[in-house]
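J.: return a 3D structure for these sequence lines:
(one chain, ligands or ions: 1)
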Amino acid sequence: MLDAFSRAVVGADSKGAFVGGTELDSLKQFIEAGNRRLDAVNFIASNASCIVSDAVAGICCENPGMTAPGGGVYTNRKMAACLRDGEIILRYITYALLTGDASVLNDRCLNGLKETYSALGVPAGNAARAVNIMKAAAVAFVGNTASQRKMNVTENPAACQSLVAETASYFDTAVAAIS
Ligand SMILES: CCC1=C(C)/C(=C/C2=NC(=C\c3[nH]c(/C=C4\NC(=O)[C@H](C)[C@H]4CC)c(C)c3CCC(=O)O)/C(CCC(=O)O)=C2C)NC1=O
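T.: Numbering: from 1, shown residues only. A predicted model of the protein is given here:
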């Protein structure tokens, strides 16, 4: 795992240089933006069950066959596994957002997931769609545009745009891994 700090050290080491200049500047920015990052993670985590259940309900509404015999979430066991997978993926995405680094998400969550899904007959397209619905919700929370759950923040919304983009990119990584 390489978080923003380790990355700066590895980057400096590969050049045989002291940590300084641009590395220190980027770490300084990372720390300055830290509260914003923590708020974003907290906002996603505290709405996690809503985000996950909405996404799974969404794929079921869009594809009634999902809950019919032979469907991807037919039987309570499979529905439970699907909801659990949604939570797992969302949780690992919050780890990436917290550290500014996707390697834990890639190594421990997404690595091999596509193969697992194809071996078990989990429909990859529907799983990707669920991740995309979670993306829409999480992005709305991070950018504070969720219509029903607006927070009172003093922050200029524009300041959160890079975090919104970063959040979106982790979901894109997950979709790409299972598609
Ligand atoms: C640490 C990271 C980690 C991940 C990522 C993980 C995923 C994971 N999801 C699984 C199953 C599953 N995953 C789903 C998910 C879905 N079915 C659908 O139709 C939907 C599209 C989708 C929900 C969005 C289902 C239904 C199963 C059970 C499949 C079966 O046993 O037939 C399995 C097989 C073992 C089990 O059932 O628990 C694994 C390993 N486990 C882990 O430990």
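J.: closest residue of the chain to the ligand?
T.: Gly72 (2.1 Å; C-beta to the nearest ligand atom). Quick note: C-beta positions are derived from backbone N, CA and C, even for glycine.
J.: quick check: closest non-adjacent residue to that residue.
T.: Pro123 (4.7 Å; C-beta to C-beta, 6 or more residues apart in numbering).
J.: residues near the one you found, how many?
T.: By other C-beta atoms under 10 Å, the residues close to Pro123 number 17.
J.: who touches it in this structure?
T.: Each residue near Pro123 by C-beta atoms under 8 Å, 6 or more residues apart in numbering is listed here: Met66, Gly72, Tyr117.
J.: follow-up on the earlier one: confidence score at the residue of the chain closest to the ligand?
T.: pLDDT, Gly72: 97.
J.: helix, strand or coil for it?
T.: Three-state call for Gly72 (DSSP: H, G, I helix; E, B strand; the rest coil): coil.
J.: okay, domains of the chain per the record?
T.: Taking automatic domain parsing as the reference, the chain has its domains at 1-32, 33-178.
J.: what's the spacing between the longest one and its chain's center?
T.: Spelled out, that is domain 33-178. 5 Å (C-alpha atoms, centre = their mean, to the nearest Å).
J.: phi, psi of the residue nearest to Gly72?
T.: Note on Pro123: backbone dihedrals following degrees, to the nearest 10 are phi -70, psi 110.
J.: what does Asn144 give?
T.: phi 60, psi 40.
J.: over to the one 5 residues further on?
T.: Per-residue torsions, Arg149: phi -130, psi 50 (degrees, to the nearest 10).
J.: so it sits right up against Asn47, yeah?
T.: Yes: using C-beta atoms under 8 Å, Arg149 is in contact with Asn47, at 7.0 Å.
J.: need the residues touching each of those two.
T.: Counting by C-beta under 8 Å, 6+ apart, the shared contacts of Arg149 and Asn47 are Phe141.
J.: neighbour count winner among those two?
T.: Asn47 (18 against 14).
J.: ok, and the closest non-adjacent residue to the more buried one?
T.: Phe141 (6.0 Å).
J.: can you get me a residue count around the one you found?
T.: For Phe141, using other C-beta under 10 Å, the count is 24.
J.: same thing with Leu98?
T.: For Leu98, the count of nearby residues is 17 (other C-beta under 10 Å).
J.: what's around the closest residue to it other than its chain neighbours, how many residues?
T.: Nearest residue to Leu98, sequence neighbours excluded (C-beta to C-beta, 6+ apart): Val41, at 5.1 Å. For Val41, the tally of surrounding residues (other C-beta under 10 Å) stands at 20.
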